[in-house]
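Student: Just to be clear, the model below is a prediction. Sequence and coordinates:
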Amino acid sequence: MPDTEESKLRFKPKARIIRTIGDQLISGPEAAVIELVKNAYDADANFVEIRFSPPLQPGEGRISIADDGHGMSLDDIRLKWMEPATASKVKNRRSPTKDRKMMGSKGIGRFAAAKLGAKMALTSTFQTKEGNAAVLIPELDWSIFSDDVYLSDIAIDYLVQAVDEPTGTTIEIIELHEEWTKERLTKLYNELRRLLSPFSASHEKSEDFCVYLDLSDYDNSSAGFDPEDIFAQADPDLPDSPYRGHGRRVHPFPLLSTCDYELSGTLAADGSFEGSFTIHRAGRGAETITIPGAGIKRSESAGNVGVQLYLFDREADALKSNMKAAGMGDLSATEARRLLDSISGVAIYREGFRVRPYGDPENDWLALDSRRVQDPSLRVGHNQIAGYLKIGSEQDSNLFERSSREGFEDNAAFQNLARLTKRLLAEVVEPKRFDFREKAGISRSRSSSFAELKELSELKRVRKLISLLEPKQREQAERIIDKESQRLSLRVDAMRERQRVLEAQSSLGAILAEVLHEGSPEATFIRKSADRMNVMLKTFLTGDDSGKSKAREFFSQRIPQMKASGDKLAELFRVLRPLAGGKRRQPTLFYPIKTIKDALAIFESHQVEVKIETTAKGMEFLGNSEDLSTAMVNIMGNAVHWLEATGIEEPCIQITLSRSDDGGHVFIEDNGPGVREEFRERIFEVGFTLKDGGTGLGLNIAREALARSGGKLKFHPEHMDGALFEIEFPVGPEH
């Protein structure tokens, strides 16, 4: 053994790592084709042709992917193409001729060819000072990368020769791995259509890049189907196109601007939105929409995002009319719904190309369907929206594609993009759509309050009618009506009591997160302390003097800390007890200040300043304190949510108590975004909510809880800065 050894280790990758890149990091054959199409775009090509030559059975057939880009020189192939995970596109983010932003950056896209077939041939023609030249790799057998050899030992034959042909690159994949059926070709065609952006904004350079799919070698005898069945009706190609092949041009899916509702605008980096919302079904013009920022850090922001959302009602008449206006012809309701299903979803585009899998009909990345289950009349589902988001580069958006090319990394920027998109739906699209449908008589009517039911149970209109009867008949009818009215009133009271229990439980569920936030750390501390004390107890009883001294010191410190944690839990349970929905007590006198402070304790962990003032010291309310507590928890929960969601710099809630001839008053005022004018009449409706994931129960629960004690809940729309609610409650005698 030598006296000294080299003190460095070096990686020696096996050749099969190339197969790993192609086979495992590329999700499927359709994704592999798309990666090669993107490479053509990066090469400044005007077009790319994808040609299939049957028989397309495993071990047979071929796929040719040809473009008219700038091609690759021998140095390009040696130093870039042959270098896995090369950083060339990371360092040079713009293409040399057309100044396109590079679609690729991982340095693995070309190995998609290994996903498609057993062998590959490459011809790349490039420009030199003396004329054009071509680099030929006659055959690259991917099986050699499966042998137990090192990557550095693999050598590939090539040829360079002068040619009189235009620049470009052709890749031929031979001996295909999988069968290309009609279904798979249709899927590829639709993937290519979704890849291309339907937008025609001037800053996007994808308009001068065309994709052609050539199935001209197919016929019924060789394929078992007519290749024309694959293609949708498309516009003819441009007359000045440089393409001279036999392929059919792939056009993006059309923007269905003939929709029922449309949201268009821009999400800024801080989460604010500027744009417009149009209800086409009502024949209305565009309404300007402005939403304040959400306090998002730049490092966690997806940057500026273009938003275009088209939404549809799926009633048969409306959907058929929209499809006909879009030039789809006279479709049946089933055909119209099937067409909408095929293009539904919210896609994400970067530099004119879709990022897979966002926008796939089966990819509900915003979880719209799970939101809709909770309230189908308010929420829109995945199959009711065909939307598009336009994002910037990785550096501008903090959105990084996974190596598998299947979506973005699940980082803070992506989570904020999803959250803000759902916020647009929850705060703009869904409530405005619901309001229109309700007023137009399309959706279900709202639920009645118990006060309205109680009034209806008195049968006042029926009593007016029987006053027209003869005295003897009128007397008999009045007895029957009195009896039935009393039965209805008792039934309403029973329903109201049942509702009270359910509302209390709903309120308790709404603050469960707060309970876990407050109580879980204390409970964990007590449990861990008990475990530690159990160990130290043995030392205290049987250890030496030094051990006993340390144990005594530990106990003297830890026991007061455990008591403090226990006191916090006990206080938390005491505060929650009125919300548990137990048996209702008779109305009593109580101090509202104490009840309000107990309710506020639930929200102590939030960074929201709460101020309490009173002009009626010693005032007592008359009723059930749990009704006031339930109302305060729901009103405060709303205020805290919107103060945090909108990123108000100095969030504050002002609570003021006063007394008048009408009773006691509690004013709850915040400096948040307030309630927009068009929603003010609906905030107490069951199910109406602007929160993403909200239940739309909070304010209704608060109002009904107060009504059980003879109280009222009012909203003051004239208040301009934030939201102002007022609780009016019966009071006891003045002292």
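Tutor: Yep, it's here. Numbering: from 1, shown residues only.

Student: Just give me the neighbour total for residue 37.
Tutor: A count of nearby residues for residue 37, using other Cβ atoms under 10 Å, gives 26. Where C-beta positions appear, they are placed from N, C-alpha and C, glycine not excepted.

Student: which SSE is it in?
Tutor: Per DSSP states H and E: residue 37 is located in helix 29-42.

Student: Give me the phi and psi for the residue lying closest to residue 732 once chain neighbours are set aside.
Tutor: Among residues not flanking residue 732 along the chain, residue 620 sits closest, at 4.1 Å (Cβ to Cβ, 6 or more residues apart in numbering). Main-chain dihedrals, residue 620, degrees, to the nearest 10: phi -120, psi 140.

Student: mind checking pLDDT for residue 620?
Tutor: Note for residue 620: predicted pLDDT of 94.

Student: swap in residue 19?
Tutor: Reported pLDDT for residue 19: 68.

Student: Also residue 204?
Tutor: Here, the pLDDT recorded for residue 204 equals 44.

Student: now stretch 673-687, how far from the centre of its chain.
Tutor: Its chain's C-alpha centre and that of stretch 673-687 lie 23 Å apart, by Cα atoms, centre = their mean, to the nearest Å.

Student: Only the C-alpha atoms, please, for it, written as CSV.
Tutor: Presented in CSV, the C-alpha positions along stretch 673-687 are these (Å, rounded to 0.1, in the frame of the first residue of the first chain):
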residue,chain,number,x,y,z
PRO,A,673,-61.0,46.2,3.3
GLY,A,674,-64.6,46.5,4.4
VAL,A,675,-67.6,45.1,2.4
ARG,A,676,-68.0,46.1,-1.3
GLU,A,677,-71.2,47.8,-2.1
GLU,A,678,-72.6,45.1,-4.3
PHE,A,679,-72.4,42.5,-1.5
ARG,A,680,-73.7,44.5,1.4
GLU,A,681,-77.3,43.3,1.1
ARG,A,682,-76.2,39.6,1.1
ILE,A,683,-73.7,39.3,4.0
PHE,A,684,-76.3,37.7,6.3
GLU,A,685,-77.5,35.1,3.8
VAL,A,686,-76.8,31.5,4.6
GLY,A,687,-74.1,30.2,2.3
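
Student: Contacts for that stretch, please.
Tutor: 292, 375, 377-378, 431-432, 435, 446-447, 642, 646, 688, 690, 695-697, 699-700, 703, 713, 715, 717, 719-723 (Cβ atoms under 8 Å, 6 or more residues apart in numbering).

Student: are any of those residues buried, and which?
Tutor: Using 16 or more other Cβ atoms under 10 Å as the burial test, these include 375, 378, 431-432, 435, 642, 646, 688, 690, 695-697, 699-700, 703, 713, 715, 722-723 as buried.

Student: Residue 719 and residue 670 touch, don't they?
Tutor: No. At 10.0 Å, residue 719 does not count as touching residue 670 under the criterion of Cβ atoms under 8 Å.

Student: which intervals of the stretch 151-300 of the chain have sub-threshold pLDDT?
Tutor: For the stretch 151-300 of the chain, the stretches with pLDDT under 70 are 198-207, 232-241, 254-257.

Student: can we see that at 90?
Tutor: 151-156, 181-183, 186-187, 190-209, 216-260, 280-286, 292-298 (pLDDT under 90).

Student: part of a helix, is residue 388?
Tutor: No. Counting by DSSP: H, G, I helix; E, B strand; the rest coil, residue 388 is not part of a helix but strand.

Student: what bridges to residue 264?
Tutor: Note on residue 264: beta-bridge partners by DSSP bridges are residue 276, residue 308.

Student: And for it, the neighbour number?
Tutor: By the measure other Cβ under 10 Å, the count of residues near residue 264 is 16.

Student: List the contacts of it.
Tutor: Residue 264 touches 275-276, 278, 286, 307-309, counting by Cβ under 8 Å, 6+ apart.

Student: now with 10 Å?
Tutor: With contact taken as Cβ atoms under 10 Å, 6 or more residues apart in numbering, residue 264 is in contact with 257, 275-278, 286, 289, 306-310.

Student: could you measure it against residue 35, distance?
Tutor: According to Cβ to Cβ, to the nearest Å, residue 264 and residue 35 sit 31 Å apart.

Student: same deal with residue 279?
Tutor: Residue 279 is 41 Å from residue 35, by Cβ to Cβ.

Student: more crowded one of those two?
Tutor: Between residue 279 and residue 35, counted using other Cβ under 10 Å, residue 35 has the larger neighbour count: 23 against 20.

Student: what does the model give the more buried one for pLDDT?
Tutor: So residue 35 comes in at 87 (pLDDT).

Student: and what of the one 10 residues further on?
Tutor: Reported pLDDT at residue 45 in the predicted model: 93.

Student: That one: neighbour count?
Tutor: 29.

Student: Isn't it up against residue 68?
Tutor: Yes. Residue 45 lies in contact with residue 68 (Cβ atoms under 10 Å); the separation is 5.3 Å.

Student: got any residues that touch both of those two?
Tutor: What both residue 45 and residue 68 touch, as defined by Cβ under 10 Å, 6+ apart, is the set 167-169, 242.

Student: So which of the residues you listed are in strands?
Tutor: Counting by DSSP state E, the shared contacts of residue 45 and residue 68 place 168-169 in strands.

Student: what's whichever helix or strand residue 546 is part of packed up against?
Tutor: Using DSSP H and E, residue 546 maps to helix 545-576. For helix 545-576, the packing partners by 3 or more Cβ pairs under 10 Å, 6 or more residues apart in numbering; DSSP states H and E come out as helix 512-542, helix 592-601, helix 625-645.

Student: Identify, out of the ones you listed, the most deeply packed stretch.
Tutor: Highest mean neighbour count of the helices and strands packed on helix 545-576: helix 625-645, a mean of 24 (counted as mean count of other Cβ atoms under 10 Å).
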